[in-house]
Each structure stands twice: as C-alpha cells, then as structure tokens.
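A.B. asks: Task: produce atomic coordinates for the following.
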Amino acid sequence: MPILPERVNLDHLRKQAKALLRALRAGDPEAIARFQRALPAAAGLSAEAIAALGLRLHDAQSCLARDHGFSSWAELKSYAEAQGEARQRQWLERVYAGDVTGSRSPARPAVAARMLAEMPDLVAGDPWLACAIGDAAALRRAIAADPGWVNRPGGPLRLPPLVAVTHSSLLRRPAFAAALRNAARLLLAAGADPNQRIGNRSPPASLTAPDESQPLSALHGAAGQNRDPGMTRLLLEAGADPDDGESLYHSLESPDCTRLLLAHGARIAGTNAIYRALDLDDPRPLELLLAAGGDAREPAPNPPLSDYGTPLLWAIRRRRSPRHVTALLAAGADPQGRTAAGVSAYRLALQFGLPEVAALLAQRGAAEPLSEEETFLAACAGADAGAARALAARRPDLPASLTPQQLRLLPDLAAEGAADAVRLIVALGWPIAVPGGDWHASALNLAVFRGDAALARFLLAHGAHWTERHGHGDDVRGTLAWASVNEPVPGGDWIGCAEALRDHGLPPGQRDPAAPGVVIFDGKRRLFAEEVAEVLVAED
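C.D. replies: Residues are numbered from 1 along each chain as shown. Down below sits the predicted model:
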C-alpha cells in the first residue's frame, strides 16, 4: 500500500488520479497492475479487457483511494481535507452527522477512526471530545473534578456528554463500540440525564442557532442515527423516553432497535412510522409496528401520501412486497380502499406491476374489471412486452390517448427503480418528460435522484434532456447536486449520472475555488459531492 505523506494535498491527489488514468490509457504496465490490484471492476481482467471498460477519471480516483487503504475517493478526500488547519473541527465533522455539527456533510466513521489512529492527540485534554471515543479514564477524571459535568453541554460542539457519546458515529466501528457503551454506562451511573438532548443544527439551522423544535435526544443517537441495539437498551433501561419524536421513525432500518423501543412503550400514532416502514424493502419493521398496535388504516398526513390516503394504497404505490400487503390486510387494512383520484387498490396494484398483490386483494373480494387502457398500463408496469405491444398494435392511439394521470406511470415507475418497465414504456412512445413521482419530476430527474446511471443514460439516449424541471424549481443539475450530497439511495452512482449528462450535452461548469464541491452553471452555484463536481468541470 502506498504511504500517504503526513500532510495530504488534495490537488496533488487529483493530479495523481489524472496521471494514473493517462498512464492506463497509454498501456503502462504499472498502471494496469494498480487497477487490477485496487479496482474491483478490473480485478482479474487482462490489459485488453480493462481497456475495453472505458474507465474514467472517477475510476482512477477510486483506484487511487483503494490503493491507499480507503474504500472510496470520497473517504480519501475527506481524510485529506482534514489534514489542514482546524484538524479537531475537521475530525468532529467526520465523527458526527450534520444535524450535530451544523454542516451538510454525513458522518464518516472510517475516516474519523483513521485520523485518530494517526493523530491520537486529537482528543487530548478535552473531556467532551473524549466522549466521542468512549475514553472512560478521561470521563472519570472530569466527573471527579466536577460531578455536575455529566449534564453540562460543552466542547467545540456544545454537546451534553451523553449526547456526545451516543451520537458518535464511531459506535458503528467494532473497535469503539464497547468503549462507547461503557462510557454511556459510566455517565448514567454518575447521574447523567438519560433524556439529554440538543436542537437540530442541520442547515438552515446552525451550531449557534439550533432548531429547538426538532430536538435530538441521546436515544435518537443510539437508535435512530447509529442503530445500536446495545446502546439503545442501555438508555431505555436507564429511563430514556422512547417517545422523543424521532427515535422510533429513524430506528426502522434496525428491527432490533425498533423492537426495543416498542417493548418500552414507544407510541406509534403520530410518528408517521407506519408510512416510513413502507419505504423499506424489509417487511419486518412494518410487521413489528402492526403487532404493537400500529393502525393499518392510519390516515396519510400530507401530500404525496394523502394522494393515496392509507398505508395499503401507499404500500402499492411504493411497490412493496406481497408480505408487506399481507401484514396490512391481516391488521385490518381495507382492500376496497381508493386513492383520492378514485383508483381502487386492486387496479392500482396492476397499474404498478404487482400481480401477486392484486391476487391477494382479489382473494378478499376487491377484483374489478379493467378497461383496455388499464390492461395496457398493467402490461407496461409488469414489463410484459408481448402483451403491451399486442394492445398497442390493436389500439394505435396508445399511449397518446391516455389521461395525464395515466401518463404519470413513466415517472412513477422511474421513482421506484422499475427500470425494465420504464424501458418498455419509453420504447412504446410515452412522452419522455411527463412529470410525476412525489415531486412532479420527469423520469430523468427521478433516475438521477436514485443514482441510476444506466437508466439515466437510456432516457437521455431516447430524448430526455438535462433542462427538464421539477416541482422544487430546478432542473436535472439541481437534482444531481442534492442527491450526490445526500445519497438518498444506498449505492447510487451519481458519478455515472454526471458522466451521462456530460455525454449528452450538459456544458461543463466552473469550479468555485473558494468552496469545495461547488460548481457554477450560468452564474448559479450548486453544491455537489466532490467526485461528481470533478466530472462536471473536467475536460475530456
């Protein structure tokens, strides 16, 4: 593994990546060997096969990062940025998420751990920083000097000690987890309030002006941010209030944490947890909520949920599994329910390509005859090319004669990642830029939001354009900016989306030298993930 210098220069790393890519394209054996060794896509391939991959700058950056022991260019960049001035603050912005630090950056525990290993003096002398790593000896000294310290906010981030412990993303790292749990146990035994909390600092709020209407409790750090069952149990048994307004909702990606919260009396009504559970592929969180008394007919609070009205209809809109739907029906969901537009659950299931769900509803007496247009929609949504083309041949007016509501099927399916159905629909002549989804966006916007580079490239090749606007008042560049920073879909390829847009006519922007990741297009500044910004300003 190449050794990084004590002070890493990010510009130098960028130049190294560009030089590595040039060497690869020139057939340099050492460069080829580095890609074979460090880039998973090139592992075991011949030089000819690697050349055929058409690797780009972001691949070279990934190779360089992996060669230095990082999992991605983003982590290497994060590490490099933290080597400059204010290292302590930079480290904290890797330990904690933006709702604690007041930044827009996610926590990066792997980077934080590496920084600490190479600069162990980062936390020296500051008991609040010691909370972030679970340094029990430092905590004991602070408590001995001042027993009231356990409930006093302080340190660079003005955190109460227990909040500093439970919100530390190092809790996700096995090397730190036991120490952090022990630190929480020590603080609680010394009198720390298990319900310590702070106001949310996510922009437009800030460290100095937090949003107190959105409190973040110590329990939220354990169950909602880090989703650690051991820490969650510890706090609940110490008397933490499970009804803090955030923990249950955000715990659902860890059924073990959800189970603990419910066992300690967490209230489901009014938390929107039922609807949040329907955003997840895993049906267990939904089943846990329903078994604990969650309302399978809970009214939807606001658009777009209220356009569908009930959990069952929203489950169909989100293309959830038959197991999700079975759980809702068993808990009392109405199989005869209809959306605000009057579409029945049965017809909606077929419209979204869910024949198994439609069969479950039919077993409960909800089957209805379909019009020819609805049969066409069902074939399209199910990616049944034979049936869809046969109907289109018999009805040359399809899809042009479909209603605006029916034409939303293209963006609605793009929003759910139904790529095969989207490809069929586009091939059948659907209007490519018709808006839909939850935020009145085109299929291209929604594919880019998900980081689905292959689908974005397909749509662009079939007439979609980066100028397509969405309901939040921007175009595809704005979608790419927000999604690349916030990563709403795990594993999304926003670098590939940026490359697809550039390949289909998006003019390059200008880098703002004073703000990493900011690219200026037509005088408007947008913040992108740094590796995406590289593509948007890079020359071919």
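
A.B. asks: how distant is the longest strand along the chain from the center of its chain?
C.D. replies: The single longest strand within the chain, with elements called by DSSP state E, is strand 211-217. Distance of strand 211-217 from the chain centroid (C-alpha atoms, centre = their mean, to the nearest Å) equals 21 Å.

A.B. asks: residues near Pro229, how many?
C.D. replies: Pro229: 17 surrounding residues under other C-beta atoms under 10 Å. Placement of C-beta: from N, CA and C, glycine included.

A.B. asks: pretty sure it is touching Pro255, no?
C.D. replies: No. The criterion here is C-beta atoms under 8 Å, and Pro229 misses it with Pro255 at 9.4 Å.

A.B. asks: What are the boundaries of the helices in the stretch 351-500 of the chain?
C.D. replies: Along the stretch 351-500 of the chain, counting by DSSP state H, counting those that start in this stretch, helices occupy 355-363, 372-381, 385-394, 404-407, 409-415, 419-427, 443-450, 453-461, 476-486, 494-503.

A.B. asks: Packing partners of the helix or strand bottoming out on mean pLDDT in the chain?
C.D. replies: Every helix and strand of the chain was ranked by mean pLDDT, DSSP states H and E. The lowest is helix 73-81, at a mean of 76. Here helix 73-81 touches helix 10-25, helix 57-67, helix 109-118, helix 530-537, going by 3 or more C-beta pairs under 8 Å, 6 or more residues apart in numbering; DSSP states H and E.

A.B. asks: Can you pull the poorly scored residue ranges out of the stretch 51-200 of the chain?
C.D. replies: Low-confidence segments of the stretch 51-200 of the chain (pLDDT under 70): 81-86.

A.B. asks: Going along the chain, name the helices of it.
C.D. replies: Assigned by DSSP H, counting those that start in this stretch, the helices in the stretch 51-200 of the chain fall at 57-67, 73-81, 87-95, 98-101, 109-118, 127-133, 136-145, 161-166, 174-189.

A.B. asks: Just say which of those is most tucked in.
C.D. replies: Of all these, helix 161-166 carries the top mean neighbour count, a mean of 30, counting by mean count of other C-beta atoms under 10 Å.

A.B. asks: How far does that one sit from its chain's centre?
C.D. replies: On C-alpha atoms, centre = their mean, the centre of helix 161-166 falls 24 Å from the chain's centre.

A.B. asks: Report all helices and strands that it contacts.
C.D. replies: Partner elements for helix 161-166 (3+ C-beta pairs under 8 Å, 6+ apart): helix 127-133, helix 174-189, helix 218-219.

A.B. asks: returning to that earlier point: among the helices of the stretch 51-200 of the chain, which comes closest to Arg25?
C.D. replies: Nearest to Arg25, of all the helices of the stretch 51-200 of the chain, is helix 57-67, at 9.8 Å by C-beta to C-beta.

A.B. asks: quick one: that closest one to helix 73-81, angle?
C.D. replies: 70 degrees (axes from the mean of the first three to the mean of the last three C-alpha atoms, to 10 degrees).

A.B. asks: Helix 57-67 to helix 494-503, inter-axis angle?
C.D. replies: Using the same axes, to 10 degrees: helix 57-67 against helix 494-503 is 160 degrees.

A.B. asks: Using PDB, write out every CA atom in helix 57-67.
C.D. replies: Only the C-alpha atoms of helix 57-67 are listed here, as PDB (Å, rounded to 0.1, in the frame of the first residue of the first chain):
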ATOM      1  CA  LEU A  57     -11.500   9.800 -14.000                       C
ATOM      2  CA  HIS A  58     -13.700   8.600 -11.100                       C
ATOM      3  CA  ASP A  59     -12.400   5.100 -11.600                       C
ATOM      4  CA  ALA A  60      -8.900   6.300 -11.400                       C
ATOM      5  CA  GLN A  61      -9.800   8.200  -8.200                       C
ATOM      6  CA  SER A  62     -11.400   5.100  -6.700                       C
ATOM      7  CA  CYS A  63      -8.300   3.100  -7.600                       C
ATOM      8  CA  LEU A  64      -6.000   5.600  -6.000                       C
ATOM      9  CA  ALA A  65      -8.100   5.700  -2.900                       C
ATOM     10  CA  ARG A  66      -8.300   1.900  -2.500                       C
ATOM     11  CA  ASP A  67      -4.500   1.800  -3.100                       C
END
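
A.B. asks: Tell me the helices and strands packed up against it.
C.D. replies: Against helix 57-67 (3+ C-beta pairs under 8 Å, 6+ apart) you get helix 10-25, helix 29-38, helix 73-81, helix 530-537.

A.B. asks: from the middle of its chain, how far away would the third one be?
C.D. replies: Using C-alpha atoms, centre = their mean, we find the averaged C-alpha position of helix 73-81 to lie 19 Å away from the chain's own average C-alpha position.

A.B. asks: Ok, stretch 397-414 next?
C.D. replies: 28 Å.

A.B. asks: tell me which residues of that stretch are tucked away?
C.D. replies: Residues of stretch 397-414 classed as buried: Leu398, Pro399, Leu402, Gln406, Leu407, Arg408, Leu409, Leu410, Pro411, Asp412, Leu413, Ala414 (neighbour count, 16 or more other C-beta atoms under 10 Å).

A.B. asks: okay, those in JSON lines with distance to Ala514 and pLDDT next?
C.D. replies: Shown next, in JSON lines, are the buried residues of stretch 397-414 (distance: C-beta to C-beta, whole Å; pLDDT from 0 to 100):
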{"residue": "Leu398", "distance to Ala514": "53", "pLDDT": "96"}
{"residue": "Pro399", "distance to Ala514": "49", "pLDDT": "96"}
{"residue": "Leu402", "distance to Ala514": "49", "pLDDT": "95"}
{"residue": "Gln406", "distance to Ala514": "48", "pLDDT": "93"}
{"residue": "Leu407", "distance to Ala514": "44", "pLDDT": "95"}
{"residue": "Arg408", "distance to Ala514": "42", "pLDDT": "94"}
{"residue": "Leu409", "distance to Ala514": "44", "pLDDT": "95"}
{"residue": "Leu410", "distance to Ala514": "41", "pLDDT": "97"}
{"residue": "Pro411", "distance to Ala514": "37", "pLDDT": "97"}
{"residue": "Asp412", "distance to Ala514": "40", "pLDDT": "95"}
{"residue": "Leu413", "distance to Ala514": "41", "pLDDT": "96"}
{"residue": "Ala414", "distance to Ala514": "36", "pLDDT": "97"}
